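Chemist: sequence and predicted structure, then a few things I'm wondering about:
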Amino acid sequence: MLEKSLGLMFFLKHPKNYLKGNMYIYLRITVDGVSKELSTKRAWDPARWHVRSGRAQGTKEDARALNVMLDTIAMKAQEARKVLLDDDKEISAQAIKDYLTGVDDSKTILSVFADHNKQVAALVGKEYAWGTLDLFNRTLSHTRDFIKWKYSVDDLDIKKLDYEFVSQYSYYLKIERNCQHNTSVKYLTYFKKIVLLCVKHGWLKRDPFIAFAMNRKEVEKPFLTEQELEAVAIKSFPSERLTNVRDLFLFSCYTGLAYADVKKLRKDEVCLGVDGEQWIMTHRQKTDTASRVPLLPESLRIIAKYHGHPQTLASGTIFPILTNQKMNAYLKEIADVCGILKNLTFHTARHTFATTITLSNGVPIETVAKMLGHKNLRQTQHYAKVLDMKVGNDMQLLREVLKRRSQPNEVRDK
């Protein structure tokens, strides 16, 4: 930053309609020819004021005390210049005046975060999905609680963001909030977006995440096998409640739609596709990405079953659906009844669609990614990694081919 000249001058300022008496002392701050004035809130007799030195005249106690105060203000002005220089901020008369008057232009973590979230909220439906806003708001809440827990303050200056802050935040999420590793990484990832915003604006000199590892752990996501899916499909349940939950779970297994997308699915989102068959054409609520899924016969059967349901007539949606929490509770009951030992949740259906229904049956991964509404193949590839059954079946076919080739011609001809 270029060196800038700094001039400081105390002077007496004539009040409006001044006739006689004491006048208030002001400080004129001049940086590169631009000046700002600041009241010291002290008045003094013009007859006892030295204009050229900008100080009180005489050796009386009150004059000495005033000059000590003025010297202290001048020293603080010089200190303000140094602070601005150290913080790589613009040195100006206004900035030095703000420093002396206590006007703090520094940014705080939570205020920047809250302002960011307000902008995201205004852009929901245009640039952001509701799910994204929800994650930013949850991360803001965790950040607020962490600052209170760790530092015992309501907010913290942006400059306090360092490696120690990030590592302790990670510890807090895992120990105090009981978050799993990948969940902690998810919240830290959203917090990092705010940190990088501060770096881009010049409020923070260095990214504190540079040396911090943000790797997710590979987690095997449960899905139903063909046999387990069949067991759920053919099971007769004594209550309409469990039958309804089972039907919607199966619908998700055959379409890959997440709970939120099944819940909001409307009749006008089921229409003819390019092949003349019925398709679902919607946008994922979580990411607002397009999701187009050709409907299998099983899906069409479930849609037809709930056609004209009183609850759907009122809402305009296709299915009557409970809350996600209740759906998951009832799915655990269904798993017990069907003898399935896996932790069954509604999201298990989405994994089942990706693995058992599509990839296991030779549907290309690019097509599966498109139907799931994934933005890139990396989101879909972890499903392909868990298909040991598909690998085993393919290798068994290869064994049979090799076995036939190794047999004598007369055996093969029989």
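Modeler: Structure received.
Chemist: if I pick the residue nearest to Asn137 when sequence neighbours are not counted, what's in contact with it?
Modeler: Leaving aside its chain neighbours, Asn137 sits nearest to Asn117 (6.0 Å; criterion: CB to CB, 6 or more residues apart in numbering). (Each C-beta comes from the backbone N, C-alpha and C, glycine too.) Residues in contact with Asn117 (CB atoms under 8 Å, 6 or more residues apart in numbering) are Leu133, Phe136, Asn137, Leu140.
Chemist: checking the last one next. Helix, strand or coil?
Modeler: Meaning Leu140. Under the three-state scheme (DSSP: H, G, I helix; E, B strand; the rest coil), Leu140 adopts helix.
Chemist: may I ask you to confirm that it is in contact with Leu110?
Modeler: Yes. Leu140 lies in contact with Leu110 (CB atoms under 8 Å); the separation is 7.2 Å.
Chemist: compare these two (neighbour count), which wins?
Modeler: Applying other CB atoms under 10 Å to Leu140 and Leu110 shows that Leu140 carries more neighbours, namely 20 against 15.
Chemist: which residue is the nearest non-sequential neighbour of the more buried one?
Modeler: Closest residue in space to Leu140, ignoring its immediate chain neighbours: Phe113 at 4.9 Å, by CB to CB, 6+ apart.
Chemist: how much space between that neighbour and Asp154?
Modeler: 13 Å (CB to CB, to the nearest Å).
Chemist: the more surrounded of these two?
Modeler: Remark: of Phe113 and Asp154, Phe113 carries more neighbours, 25 against 10, as counted by other CB under 10 Å.
Chemist: quick one: contacts for that one?
Modeler: Here Phe113 is in contact with Thr139, Leu140, Thr143, Ile194 (CB under 8 Å, 6+ apart).
Chemist: repeat that for Asp45.
Modeler: So Asp45 contacts Asn22 (CB under 8 Å, 6+ apart).
Chemist: hmm, back to that, just the contacts of Phe113 now: which is nearest Ala129?
Modeler: Thr139 (15.3 Å; CB to CB).
Chemist: correct me if wrong: the closest one contacts Tyr190.
Modeler: Yes. If you go by CB under 8 Å, Thr139 and Tyr190 touch, sitting 4.2 Å apart.
Chemist: neighbour count: those two, which is higher?
Modeler: Set Thr139 next to Tyr190 and count neighbours by other CB under 10 Å: Thr139 wins out with 22 against 19.
Chemist: just the pLDDT for that one.
Modeler: Note on Thr139: pLDDT of 97.
Chemist: for it, give its distance to Leu110.
Modeler: Going from Thr139 to Leu110 by CB to CB gives 11 Å.
Chemist: so where is the stretch 1-150 of the chain shaky, pLDDT-wise?
Modeler: Scanning the stretch 1-150 of the chain with the threshold set as pLDDT under 70 gives 1-3, 103-106.
Chemist: just the strands in it please.
Modeler: Ranges of strands in the stretch 1-150 of the chain, per DSSP state E, counting those that start in this stretch, are 6-13, 23-31, 34-44, 49-50, 55-56.
Chemist: out of those, nearest to Trp149?
Modeler: strand 34-44 (39.7 Å).
Chemist: in the stretch 251-400 of the chain, where is pLDDT below threshold?
Modeler: Counting by pLDDT under 70, the stretch 251-400 of the chain has low-confidence residues at 286-288, 382-393.
Chemist: how about a cut-off of 80?
Modeler: For the stretch 251-400 of the chain, applying pLDDT under 80 flags the ranges 283-291, 313-314, 373-397.
Chemist: in the lengthiest helix in the chain, which residues are buried?
Modeler: Determined from DSSP state H, the single longest helix within the chain is helix 61-86. Under the neighbour-count criterion of 16 or more other CB atoms under 10 Å, helix 61-86 has Ala63, Leu66, Asn67, Leu70, Ile73, Ala77, Ala80, Arg81, Leu84 buried.
Chemist: re the thing from before, tell me which of the contacts of Asn117 is nearest to Leu250?
Modeler: For the contacts of Asn117, the nearest to Leu250 is Leu133 (30.9 Å; CB to CB).
Chemist: my guess is that closest one contacts Gln119. True?
Modeler: No. Between Leu133 and Gln119 no contact is recorded; they are 10.2 Å apart, counting by CB under 8 Å.
Chemist: and those two? which has more neighbours close in?
Modeler: Leu133 (16 against 10).
Chemist: ok, the more buried one to Asn182 distance?
Modeler: Applying CB to CB to Leu133 and Asn182 gives a distance of 21 Å.
Chemist: just the CA coordinates of stretch 261-268, formatted as CSV?
Modeler: Output of stretch 261-268 as CSV, limited to C-alpha atoms (Å, rounded to 0.1, in the frame of the first residue of the first chain):
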residue,chain,number,x,y,z
ASP,A,261,-40.5,-35.1,-4.6
VAL,A,262,-43.1,-37.8,-4.1
LYS,A,263,-44.9,-35.6,-1.6
LYS,A,264,-45.2,-32.6,-4.0
LEU,A,265,-45.7,-34.7,-7.2
ARG,A,266,-48.7,-33.3,-9.1
LYS,A,267,-50.9,-34.8,-11.9
ASP,A,268,-49.6,-32.4,-14.5
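Chemist: give me the contacts around it.
Modeler: For stretch 261-268, the surrounding residues in contact (CB under 8 Å, 6+ apart) are 248, 251-252, 255, 257, 280, 282, 284-285, 291, 316-319, 321.
Chemist: is it possible to mark the buried ones in those?
Modeler: 248, 251-252, 255, 257, 280, 282, 284-285, 291, 317-319, 321.
Chemist: what is the nearest of those residues to Lys20?
Modeler: Gln285 (75.2 Å).
Chemist: wait, the closest one touches Thr132, no?
Modeler: No. At 10.4 Å, Gln285 does not count as touching Thr132 under the criterion of CB under 8 Å.
Chemist: how big is the angle separating the longest helix of the chain from strand 6-13?
Modeler: Computed by axes from the mean of the first three to the mean of the last three CA atoms, to 10 degrees, the angle separating helix 61-86 from strand 6-13 equals 150 degrees.
Chemist: what is helix 61-86 packed up against?
Modeler: Packing partners of helix 61-86 (3 or more CB pairs under 8 Å, 6 or more residues apart in numbering; DSSP states H and E): strand 6-13, strand 23-31, strand 34-44, strand 55-56, helix 93-101.
Chemist: since that was my last question, I'll sign off now.
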